[in-house]
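Student: sequence and predicted structure, then a few things I'm wondering about:
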Amino acid sequence: MKRGIGGFLGSFANLRLIKQIIKTTTGIKTMLKLKNNQKGMNLIGLLLGVLIMGIIAYIMLSRFEGSETQSQEELSETMAEVQKLACKGNLSAINIAIEQYHEVTGYYPVWITDVTEDKAYFPSGPPKCPKGGTYSLSDSNRAECSLADSDGHRL
């Protein structure tokens, strides 16, 4: 069954379809016109977006800067604690060497260097305070660090 163009346009369903297509294309044209008229709004929106991102970046950088300072303070506190523990370890090693010296000789050393510079007790050399203190022999024949009072380098 052949239908001509009149038969196509004549059916009711096809007329509704054509009207819908016309409405849709008109709506698209209207949307495109609105979009073309809003170029200035897009630029303002872009500027606002950049401004908001800049504010967020400023806030984040200020927080990171504060945390970096806090981390450096914590690191220096940790380093001081490690130095103190290393000094206490050295004092323990020196005191053990003093007791061994006493067992071998029958008397305590007069000078701390009698023990610390003896390769039998410290083959790699005398122990050094990691913070720069000096070790000496107390009246009770125990090793002590010169930073015992100021930094707590004591057993």
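Tutor: Sure, I can see it.

Student: just the helices from the chain, written as ranges.
Tutor: In the chain, the helices defined using DSSP state H lie at 5-10, 12-37, 39-105, 113-116, 148-151.

Student: what about the protein, any weak spots by pLDDT?
Tutor: Low-confidence segments of the chain (pLDDT under 70): 1-41, 65-68, 155.

Student: again, 50 this time
Tutor: 1-2, 4, 8-10 (pLDDT under 50).

Student: roughly how far does residue 45 sit from residue 131?
Tutor: Residue 45 sits 59 Å away from residue 131, going by C-beta to C-beta, to the nearest Å. Any C-beta I mention is one placed from the backbone N, CA and C, and that applies to glycine too.

Student: likewise for residue 102?
Tutor: Distance from residue 102 to residue 131, by C-beta to C-beta: 28 Å.

Student: can you check residue 95 too?
Tutor: From residue 95 to residue 131 the distance is 19 Å (C-beta to C-beta).

Student: what residue, apart from its backbone neighbours, is nearest residue 100 spatially?
Tutor: residue 121 (6.8 Å; C-beta to C-beta, 6 or more residues apart in numbering).

Student: neighbour count winner among residue 102 and residue 131?
Tutor: With neighbours defined as other C-beta atoms under 10 Å, residue 102 and residue 131 compare such that residue 131 has more, 17 against 14.
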